[in-house]
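> Just need the structure, nothing else, for what follows:
(chains A and B)
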Amino acid sequence: DGGITQSPKYLFRKEGQNVTLSCEQNLNHDAMYWYRQDPGQGLRLIYYSQIVNDFQKGDIAEGYSVSREKKESFPLTVTSAQKNPTAFYLCASSTRDRVGNQPQHFGDGTRLSIL
Amino acid sequence: GNSVTQMEGPVTLSEEAFLTINCTYTATGYPSLFWYVQYPGEGLQLLLKATKADDKGSNKGFEATYRKETTSFHLEKGSVQVSDSAVYFCALNSGYSTLTFGKGTMLLVSP
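Below you'll find the model as predicted:
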């Protein structure tokens, strides 16, 4: 079955440490996205990529970094500069769509907590 | 800029009751509209979508109609089940697949 795999499901970060969240998709989608979900705030866009080797900042990119070296993979690094990283992180993908008709497909998320 | 406003939850209903979750939006151009559902501890799943005015999206007994004149996309279901308990998100996309989400509405259905 095609889908999006996020790992790990749970992740703990120590003070001053960078951590990387994995996102892999086998849907042959060009576009991939990272969202942060906090209680009562919905989803906020961190970074997105419409094509390999290119990505753009979303609404809350500070303290995060990404890479897009392969079509299937879009890892997110939460750096030590992100002072409040505790949240549920969701990765999504979609076909590249100028009009905006195509839905995004989501992984099951990674819950990041501070030790 | 784009924005989506949903009614605050939780919405608490008894099984077989009628459900409405309100959603209104502000957007430039002619966005596509979506409802997603999130079960506890999981990611979001697409529930239904509508891509132009007066379109009705439907799935699993849920329906929503794209009303351009009132900039609304309210979610309805005639008879809810306990298994419908989840968080529901309204979202819009005005191009290049960048979604704008509402804050979500939790639905709790009791037997």
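> Within range of chain A, give me the residues from chain B.
Within chain B, the residues that sit near chain A (Cβ under 8 Å from any Cβ of the partner chain) are B:31-32, B:34, B:36, B:41-46, B:49, B:51, B:89, B:93-99, B:101-104. Just so you know, the C-beta spots here come from the backbone N, C-alpha and C atoms, and that holds for glycine as well.
> So the nearest residue to B:Ala53 once chain neighbours are set aside versus B:Lys52, what's the distance?
With sequence-adjacent residues excluded and distances taken as Cβ to Cβ, 6 or more residues apart in numbering or on different chains, B:Ala53 is closest to B:Lys68, at 3.9 Å. Per Cβ to Cβ, to the nearest Å, B:Lys68 is found 8 Å from B:Lys52.
> okay, and the common contacts of the two?
Residues touching both B:Lys68 and B:Lys52 (Cβ atoms under 8 Å, 6 or more residues apart in numbering or on different chains): B:Tyr30.
> B:Gly104: what's it in contact with?
Counted by Cβ under 8 Å, 6+ apart, B:Gly104 has contacts A:Gly40, A:Gly42, B:Gln6, B:Gly9, B:Gln38, B:Val87, B:Tyr88, B:Phe89.
> Looking at these, which two lie furthest apart in space?
Across the contacts of B:Gly104, the longest distance by Cβ to Cβ is 14.2 Å; it joins A:Gly40 and B:Tyr88.
> more crowded one of these two?
Comparing A:Gly40 with B:Tyr88 by other Cβ atoms under 10 Å in any protein chain shown, the one with more neighbours is B:Tyr88, at 25 against 10.
> Name every strand pairing with the helix or strand hosting that one and say which way it goes.
Assigned by DSSP states H and E, B:Tyr88 belongs to strand B:86-93. Here strand B:86-93 is paired, per DSSP bridges, with strand B:32-38 (antiparallel), strand B:99-101 (antiparallel), strand B:105-110 (antiparallel).
> least reliable of the ones you listed going by mean pLDDT?
Mean pLDDT is lowest for strand B:99-101 out of these, coming in at a mean of 91.
> any low-confidence regions in chain B?
B:96-97 (pLDDT under 70).
> I'd like the average pLDDT over stretch A:52-71.
Averaged across stretch A:52-71, the pLDDT comes to 95.
> re earlier: so what's the residue nearest to B:Ala53 up against?
Contacts of B:Lys68 (Cβ under 8 Å, 6+ apart): B:Tyr30, B:Ala53, B:Asp54.
> What helix or strand is the spatially most central residue of chain A located in?
Here the mean C-alpha position of chain A is nearest to the C-alpha of A:Trp34 (Cα atoms, centre = their mean), at a distance of 2.6 Å. Using DSSP H and E, A:Trp34 sits within strand A:31-37.
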